[in-house]
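K.L.:
what's the 3D shape of this:
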Amino acid sequence: MSGDLDRLAMTALHPGFDGTSVPDWLRRALDEGLGGVVLFARNAVDGRLVRQIRAGNPDAVIAIDEEGGTVTRLEVAAGSSFPGNRALGVVDDVALTEQVGRQIGRMLADLDITLDYAPSADVNANPANPVIGVRSFGPTPELVARHTVAYVRGVQGAGVAACAKHFPGHGDTVTDSHLALPTVHAAREVLAERDLPPFRAAIEAGVRSIMSGHLLVPALDPSLPATLSRTVLTELLRGELGFDGMLVTDAIEMQAVAAMFTPGEIAVRALAAGVDAICVGLTTEDGLRELREAVVAAVRAGRLPEERLAEAAARVRALSGWYAGQAQARAQAHDDVDEGVGLRAARAALSTTGTAGLDRAPLVVEVNTRLSQAVDPAVRTGVAAALAALLPDTAGVRLGPGGDLPAFDDRPVVLVVHDAARHDWVRDVVAKALAVRPDAIVVDTGIPAPPEGATHVATHGISRVSAQAAAEWLVQ
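P.N.:
Numbering: from 1, shown residues only. Below is the predicted model:
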């Protein structure tokens, strides 16, 4: 029984690790039945790494966050080849969204990755949301639902499992769950009409996995975050919505839950609430052992029914089995290459006012722009890099809060801003720049706030192709 319990507990644990090769402790864990592994940019993901994991456990659920747009693990150096959800929602062509999902699925299928932690099915109802924003297809449930379904069909049509997140909906928050526990202050009726429809649609479309959000939703459970709430996960998601696939947590080291309990206690409570897989963004041999021992101890103490743990392990194995049965779909997707779909989508998503027609190298002032932590900050990326490829003498400076505008000369000025709608200081910088240079062009890569009278371009997302599409428009 002890060995069986250990193996059941290991099946429900899905950790990330440091390094670009599988460490010895992870190899041993895979041999002991570790159910899954989560990959990140720090792992420099390639086929060799995935083969090392498969050698330890061929049935492991190998997962990755590859949303497109601002969230990519495979294309961190230059930016994603796909514009992201908000851009796809702006275009509002479900066939295009499905094509993008299929190409993202094809990338993962070629690497033998089981599960994509995407799409975000959150309805970005609060423009001040600091963590979802352009990761959402948009602000209305109908729009988000139809594109969630299209994305799921695309990814799963390529033989890779999709994962709708962050249940029951992270869109109406003003707190980043990486940093603290967000609260969704909405009545149950509002949740049912606004936040739940995309998840219901994803379930009806056959999504294989759903990720819980570390969210306090008092209308559903006034005391526990959704990840730890049986009311939210078992009664609502399983019971009312009828989801029977693999339910995975968001990373349990996020402060929304990590500030409340130890990792082992989070794992036990999440499993008891109805979760099947515990996502641990980064752990060590000792950390993984402590998680396993906490789960086994909870079963022996009667806090976690063994039947619940066995059910969780069975759902993990079922997802792995589904993936194994999709070999033909993956082979077909491998031959169904459409490298240009992301750029087409990014071009279609551009919202423009005024005219540009840059005919010489500009000064690019980047205000609040987001840079990948995996890339050397000295490396030029984004719109500045895309413009430099077309106009080689393009110069650039970056401004954060409190930064001073550079002295302007006779060069054209391009202001690249992110989420101007969310930040007063960003809008203030834009206003000051336009007061000096009313001919300056504003490019917004996030939730936009177009200034009056200025030439304005909104990409609705951060990606290599979004930057390229904007640069092309600027020099046309």
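
K.L.:
can you give the domain ranges for the protein?
P.N.:
Listed domain ranges for the chain are 2-335, 350-475 (source: automatic domain parsing).

K.L.:
which of the ones you listed is buried the deepest?
P.N.:
domain 2-335 (a mean of 21; mean count of other C-beta atoms under 10 Å). (Each C-beta comes from the backbone N, C-alpha and C, glycine too.)

K.L.:
how far does it sit from its chain's centre?
P.N.:
Distance of domain 2-335 from its chain centroid, counting by C-alpha atoms, centre = their mean, to the nearest Å, is 9 Å.

K.L.:
number the residues from 58 up from this point.
P.N.:
Let's use 58 as the start, then, which means that last one is domain 59-392.

K.L.:
so the residue of the chain most remote from its centre, which of the three states?
P.N.:
In terms of distance from the mean C-alpha position of the chain, Asp467 ranks first, at 40.9 Å (C-alpha atoms, centre = their mean). Recorded secondary structure, Asp467: coil (DSSP: H, G, I helix; E, B strand; the rest coil).

K.L.:
pLDDT wise, what is it at?
P.N.:
Turning to Asp467, the model gives it a pLDDT of 95.

K.L.:
re the thing from before, okay if I get the domains of the chain as a markdown table plus distance to Val398?
P.N.:
Putting the domains of the chain into a markdown table (distance: least, C-beta to C-beta, whole Å) gives the following:
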| stretch | distance to Val398 |
| --- | --- |
| domain 59-392 | 5 |
| domain 407-532 | 9 |
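
K.L.:
least reliable of those domains going by mean pLDDT?
P.N.:
domain 407-532 (a mean of 92).

K.L.:
roughly how far apart are the residue farthest from the centre of the chain and Leu420?
P.N.:
Separation of Asp467 from Leu420 (C-beta to C-beta, to the nearest Å): 10 Å.

K.L.:
and if you look at Pro115?
P.N.:
Pro115 sits 54 Å away from Leu420, going by C-beta to C-beta.

K.L.:
with Thr288 instead?
P.N.:
Using C-beta to C-beta, Thr288 is found at 55 Å from Leu420.

K.L.:
and the one helix or strand Lys489 maps to, how far out from the chain's middle?
P.N.:
Assigned by DSSP states H and E, Lys489 falls within helix 481-493. Put simply, helix 481-493 sits 31 Å off its chain's centre (C-alpha atoms, centre = their mean).

K.L.:
packing partners of the strand of greatest length in the chain?
P.N.:
For the chain, the strand with the greatest residue count under DSSP state E is strand 218-224. If you count contacts as 3 or more C-beta pairs under 8 Å, 6 or more residues apart in numbering; DSSP states H and E, strand 218-224 packs onto strand 172-173, helix 198-214, helix 254-261, strand 266-269, helix 363-381.

K.L.:
export the ones you listed to JSON lines and tack on distance to Ser408?
P.N.:
Compiled in JSON lines, the helices and strands packed on strand 218-224 are given as follows (distance: least, C-beta to C-beta, whole Å):
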{"stretch": "strand 172-173", "distance to Ser408": "28"}
{"stretch": "helix 198-214", "distance to Ser408": "16"}
{"stretch": "helix 254-261", "distance to Ser408": "23"}
{"stretch": "strand 266-269", "distance to Ser408": "30"}
{"stretch": "helix 363-381", "distance to Ser408": "38"}
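
K.L.:
nearest to Arg245, out of those?
P.N.:
Set against Arg245 and scored by C-beta to C-beta, these come closest in helix 254-261, at 14.0 Å.

K.L.:
relative to strand 218-224, how tilted is that closest one?
P.N.:
For helix 254-261 against strand 218-224, the angle by axes from the mean of the first three to the mean of the last three C-alpha atoms, to 10 degrees is 150 degrees.

K.L.:
how far off helix 198-214 does helix 254-261 point, in degrees?
P.N.:
Helix 254-261 and helix 198-214 are oriented at 30 degrees to each other (the same axes, to 10 degrees).

K.L.:
report all helices and strands that helix 254-261 contacts.
P.N.:
helix 198-214, strand 218-224, strand 266-269.

K.L.:
can I get it as CSV, trimmed to CA atoms?
P.N.:
What follows is helix 254-261 as a C-alpha-only set of coordinates in CSV (Å, rounded to 0.1, in the frame of the first residue of the first chain):
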residue,chain,number,x,y,z
PRO,A,254,-19.6,31.0,-20.4
PRO,A,255,-16.1,30.7,-21.9
PHE,A,256,-15.4,27.7,-19.7
ARG,A,257,-18.7,26.2,-20.3
ALA,A,258,-18.1,26.6,-24.1
ALA,A,259,-14.6,25.0,-23.8
ILE,A,260,-16.0,22.0,-21.9
GLU,A,261,-18.7,21.5,-24.6
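
K.L.:
show me what contacts Arg203?
P.N.:
151, 258 (C-beta atoms under 8 Å, 6 or more residues apart in numbering).

K.L.:
if I look at it, how far off is Gly146?
P.N.:
Distance from Arg203 to Gly146, by C-beta to C-beta: 9 Å.

K.L.:
any shared contact partners between these two?
P.N.:
In contact with both Arg203 and Gly146: no residue, using C-beta under 8 Å, 6+ apart.

K.L.:
still on that earlier bit, closest one to Arg401 among the domains of the chain?
P.N.:
domain 59-392 (7.5 Å).

K.L.:
helix/strand/coil for Val305?
P.N.:
Per three-state DSSP, Val305 ends up strand.

K.L.:
and the nearest residue to it once chain neighbours are set aside, backbone torsions?
P.N.:
Closest residue in space to Val305, ignoring its immediate chain neighbours: Ala334 at 4.1 Å, by C-beta to C-beta, 6 or more residues apart in numbering. Per-residue torsions, Ala334: phi -130, psi 130 (degrees, to the nearest 10).

K.L.:
list the contacts of Ala334.
P.N.:
Contacts of Ala334 by C-beta under 8 Å, 6+ apart are 69-71, 92-93, 118, 303-306, 369, 372-373.

K.L.:
can you give me the strands for the chain?
P.N.:
70-72, 93-96, 118-121, 172-173, 218-224, 266-269, 303-306, 335-337, 408-410, 420-424, 452-456, 470-474, 498-501, 512-515.

K.L.:
as TSV, those strands with distance to Arg326 would be great.
P.N.:
Formatted as TSV, the strands of the chain follow (distance: least, C-beta to C-beta, whole Å):
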stretch	distance to Arg326
strand 70-72	15
strand 93-96	19
strand 118-121	21
strand 172-173	23
strand 218-224	16
strand 266-269	12
strand 303-306	10
strand 335-337	10
strand 408-410	44
strand 420-424	42
strand 452-456	42
strand 470-474	41
strand 498-501	41
strand 512-515	42
